[in-house]
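Enquirer: Okay, structure incoming, though there's no sequence with it:
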């Protein structure tokens, strides 16, 4: 008999809820946060120019999944953020100070995984019963806290559940991933730097790279350089609706 | 801030299928009480199609404002759905999304302790003033998630 736990989001019967109507399930991994922070990347003393700055030294021994992004200030491409098996850093052109948030997750970028036991049939929302649910407070925090940041898991929230992840073992110009989710999923895509093996950067569509998605597949393609290594994560979260 | 995980915490652990919970590493757990996870409240997740102005002025134009009132600057995740076909056939992309080369027009967002604002930024590097060229007048979709996590 299979053992585990699954918790539906508020208003859904856990026995009939589809995958994306769950808060989480022990069938599938989430993204555990290893480290996080905020930082301002300042314009160089001599004026606008390239800045390279370490965000965090993780020493995990593998290239971790990470998400870093600008929240205010000057222009900042996602491709300015990089990682290797020791650290995560910023490297990009800075013309005005940039305020950044970053998170490093406890998951190797290079992980081949595909979720099983897929249920794509959405249930109809039912009666909301707040008497049931699950709260997992963070170490040193009370489960009675009213600050939702004090919890690792809350069944009244959606957690980012991973549907599929993978990477290319050799350089290719494009990748098509079949997911068969019935909706366009949210995703992270990384590229390995062809000039610096083991360095991965967050990919955003720009000039030579594009992303095309359907309800069954997602494809990403680069026209230059001719081929690179890719890594990706697809989530059980829809792009076009609330899910 | 830096490391926030407590790997030795053993209050609550659920391993992924195929792994013994007693020996599973954090990477092999579905849930581990020593770790925080991205969390999103349903009311702070959404999708909306927006028609851009027919003339885009230099500077920042706010296309959508989401009020969260968390009292701190939260993490967010925003995607653009280009609907009619975007740059080199891209259909949707995580923001910031750069529309033209040289870089003079891009979609981005600003996050404060109360709001997420999704913007289009036109740098007008050629000094021609407001632009009526695409994506002016286009309809695009935005998917956003405002995380509980700061």
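Expert: Happy to help now that I have it. Computed from a predicted structure; not experimentally measured.
Enquirer: what about the helices in the chain?
Expert: Just so you know, I chose chain A. For chain A, applying DSSP state H gives no helices.
Enquirer: Next, see if the helix or strand bottoming out on mean pLDDT in chain B gets close to chain A.
Expert: In chain B, the helix or strand scored least confidently by mean pLDDT, DSSP states H and E is strand B:97-98, which has a mean of 80. Yes - interface with chain A: strand B:97-98 contributes B:97, B:98 (Cβ under 8 Å from any Cβ of the partner chain). The C-beta positions use only the backbone N, C-alpha and C, and glycine is treated the same way.
Enquirer: Quick check: can you name the pairing partners of that strand and their directions?
Expert: Strand B:97-98 sits in its sheet next to strand B:105-111 (antiparallel), going by DSSP bridges.
Enquirer: Residues contacting the strand it pairs with from elsewhere in the structure, which ones?
Expert: For strand B:105-111, the surrounding residues in contact (Cβ atoms under 8 Å, 6 or more residues apart in numbering or on different chains) are A:70-72, A:75, B:56, B:73-74, B:76, B:78, B:80, B:95-99, B:116-123, B:131, B:135, B:140.
Enquirer: re earlier: off-centre distance for the least confident helix or strand of chain B?
Expert: Relative to the chain's own centre, strand B:97-98 is displaced by 12 Å; criterion: Cα atoms, centre = their mean, to the nearest Å.
Enquirer: try stretch A:235-243
Expert: Per Cα atoms, centre = their mean, the centroid offset for stretch A:235-243 relative to its chain is 13 Å.
Enquirer: Any buried residues in that stretch, and which?
Expert: A:235, A:236, A:237, A:238, A:239, A:240, A:243 (16 or more other Cβ atoms under 10 Å in any protein chain shown).
Enquirer: and if you look at stretch A:9-26?
Expert: Neighbour-count burial for stretch A:9-26 flags A:9-12, A:14, A:17-26 (criterion: 16+ other Cβ under 10 Å).
Enquirer: Return the set of buried residues in stretch A:187-203.
Expert: By 16+ other Cβ under 10 Å, the buried positions in stretch A:187-203 come out as A:187, A:188, A:189, A:190, A:191, A:192, A:193, A:199, A:200, A:201, A:202, A:203.
Enquirer: residues contacting residue 11?
Expert: You didn't say which chain, so I picked chain A. A:125, A:126, A:127, A:128.
Enquirer: nope, chain B
Expert: Counting by Cβ under 8 Å, 6+ apart, residue B:11 has contacts A:136, A:139, B:33, B:34.
Enquirer: domain parsing for chain B?
Expert: B:1-37, B:40-147 (automatic domain parsing).
Enquirer: same check, this time on chain A
Expert: A:33-108, A:161-243.
Enquirer: As a markdown table, those with distance to residue B:148 would be great.
Expert: Shown next, in a markdown table, are those (distance: least, Cβ to Cβ, whole Å):
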| stretch | distance to residue B:148 |
| --- | --- |
| domain A:33-108 | 12 |
| domain A:161-243 | 15 |
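Enquirer: Adding distance to chain B and mean pLDDT, write these out as a markdown table.
Expert: Output for those, formatted as a markdown table (distance: least, Cβ to the nearest Cβ, whole Å; pLDDT from 0 to 100):
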| stretch | distance to chain B | mean pLDDT |
| --- | --- | --- |
| domain A:33-108 | 4 | 96 |
| domain A:161-243 | 4 | 87 |
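Enquirer: which among the buried residues of stretch A:9-26 gets closest to chain B?
Expert: residue A:26 (3.9 Å; Cβ to the nearest Cβ).
Enquirer: can you pull the pLDDT of the closest one?
Expert: What the model reports as pLDDT for residue A:26 is 88.
Enquirer: gap between it and residue A:161?
Expert: 11 Å (Cβ to Cβ, to the nearest Å).
Enquirer: One more: residue A:92?
Expert: Noted for residue A:92: a distance of 31 Å to residue A:161, by Cβ to Cβ.
Enquirer: neighbour-wise, which of these two wins?
Expert: residue A:161 (22 against 19; other Cβ atoms under 10 Å in any protein chain shown).
Enquirer: Look up the closest residue to the more buried one, ignoring the ones flanking it.
Expert: Excluding its sequence neighbours, the residue lying closest to residue A:161 (Cβ to Cβ, 6 or more residues apart in numbering or on different chains) is residue A:236, at 4.3 Å.
Enquirer: Now the terminal residues of stretch A:175-193, how far apart.
Expert: For stretch A:175-193, the separation between the terminal residues is 16 Å (Cα to Cα, to the nearest Å).
Enquirer: where in chain B is pLDDT low?
Expert: B:84-90, B:100-103 (pLDDT under 70).
Enquirer: Please identify the residue most distant from the middle of it.
Expert: Residue farthest from the centre of chain B, counting by Cα atoms, centre = their mean, is residue B:22 at 36.3 Å.
Enquirer: before we move on, what about chain A?
Expert: Most remote from the centre of chain A, using Cα atoms, centre = their mean: residue A:46, at 35.3 Å.
Enquirer: residue contacts, that residue?
Expert: By Cβ under 8 Å, 6+ apart, residue A:46 has no neighbours at all.
Enquirer: how far away is it from residue A:98?
Expert: Using Cβ to Cβ, residue A:46 is found at 17 Å from residue A:98.
Enquirer: Check residue B:99 too.
Expert: Separation of residue B:99 from residue A:98 (Cβ to Cβ): 20 Å.
Enquirer: Repeat that for residue A:233.
Expert: Using Cβ to Cβ, residue A:233 is found at 25 Å from residue A:98.
Enquirer: again, but for residue A:53
Expert: Counting by Cβ to Cβ, the separation of residue A:53 from residue A:98 is 10 Å.
Enquirer: again, but for residue A:34
Expert: For residue A:34, the distance to residue A:98 - Cβ to Cβ - is 23 Å.
Enquirer: Identify the residue nearest the geometric centre of chain A.
Expert: Nearest residue to the geometric centre of chain A (Cα atoms, centre = their mean): residue A:188, 5.3 Å.
Enquirer: measure the residue nearest to that residue when sequence neighbours are not counted to residue A:111 for me?
Expert: Distances taken as Cβ to Cβ, 6+ apart put residue A:233 closest to residue A:188, at 4.7 Å, once the chain neighbours are dropped. Counting by Cβ to Cβ, the gap from residue A:233 to residue A:111 is 8 Å.
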